[in-house]
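K.L.:
got a predicted model here, sequence first, then my questions.
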Amino acid sequence: MRLLPLPDGGLRLRLDLDEAQLLDQLVGQLIGLLQSHSGTALDPDPLFASLEIGGSDSTPEDPALARLFPDAFEDAEDASAFRRVTEQGLVNRKLQDALEVTSALGLGGGVQSHAEPPESESAAVEVEVTAKTMPAWVRTLTALRLAIAARLGLEQESDHARLFADGESRSTIMVYDWLAAILDSILRMSQP
């Protein structure tokens, strides 16, 4: 991974092909997770669906979704009422962000695409992250990290060391750290 500043305040993200494919695959999985939780796709009334109303009444059972859509209030009744009117809008925005990122990568992992991967396995994928698209990148990378952390049970610093020492979760922790490095680099490069 390499980041280069652009004159207009954006940056150029250069990923090796295998890095770009991994990121695209992860974003595609996030899209699938979000779509599985979306009530809009199930609502037969397009007007109601367009209002982005229609969240669930309770915290999702899936730990990744529960981390992405936590209760906004401690009181269960207030949390449920708030979730019913805001959750679908949050799902839709996270989906839009993720689709923007996977479209920028151009590999077709998150959306139906007939894009051909670069001809050479050593080829790189370059993406311009502009001031306009940067928020979608930051939110999507953050959502990926939150989902991975929730699935692994990574809740505090000591969990990181324990999970890294475990042979079964080490590679996932390395991906988590790699996403953190991309996110941190993007945020540092965007600072004036």
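P.N.:
Now that the structure is in, tell me what you want to look at. Residues are numbered from 1 along each chain as shown.
K.L.:
in stretch 58-78, what counts as buried?
P.N.:
Of the residues in stretch 58-78, 59, 60, 62, 64, 65, 67, 68, 69 count as buried by neighbour count, 16 or more other Cβ atoms under 10 Å. The C-beta positions use only the backbone N, C-alpha and C, and glycine is treated the same way.
K.L.:
ok now it, how far from the chain's centre?
P.N.:
With Cα atoms, centre = their mean, to the nearest Å as the basis, stretch 58-78 stands 18 Å off its chain's centre.
K.L.:
chain neighbours aside, what residue packs nearest to residue 65?
P.N.:
The spatial neighbour of residue 65 that comes closest, neighbours along the chain excluded (Cβ to Cβ, 6 or more residues apart in numbering), is residue 37 at 5.3 Å.
K.L.:
that neighbour contacts residue 90, correct?
P.N.:
No - in this structure, residue 37 is not within contact of residue 90 by Cβ atoms under 8 Å, at 10.0 Å.
K.L.:
which residues do those two both contact?
P.N.:
Listed as contacting both residue 37 and residue 90 by Cβ atoms under 8 Å, 6 or more residues apart in numbering are residue 69.
K.L.:
neighbour-wise, which of those two wins?
P.N.:
residue 37 (21 against 15; other Cβ atoms under 10 Å).
K.L.:
any idea of the pLDDT on the more buried one?
P.N.:
Here, the pLDDT recorded for residue 37 equals 87.
K.L.:
against residue 68, how distant is it?
P.N.:
Going from residue 37 to residue 68 by Cβ to Cβ, to the nearest Å gives 8 Å.
K.L.:
how about residue 181?
P.N.:
Look at residue 181 and residue 68: by Cβ to Cβ, they are 21 Å apart.
K.L.:
hang on, the earlier thing: I'd like the buried residues of stretch 58-78 as TSV, with pLDDT appended.
P.N.:
As requested, the buried residues of stretch 58-78 are exported to TSV (pLDDT from 0 to 100):
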residue	pLDDT
59	89
60	91
62	94
64	96
65	95
67	96
68	96
69	94
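K.L.:
got a markdown table for those residues, with distance to residue 19 and secondary structure too?
P.N.:
As requested, these are exported to a markdown table (distance: Cβ to Cβ, whole Å; DSSP: H, G, I helix; E, B strand; the rest coil):
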| residue | distance to residue 19 | secondary structure |
| --- | --- | --- |
| 59 | 34 | coil |
| 60 | 30 | coil |
| 62 | 27 | coil |
| 64 | 22 | helix |
| 65 | 26 | helix |
| 67 | 25 | helix |
| 68 | 24 | helix |
| 69 | 28 | coil |
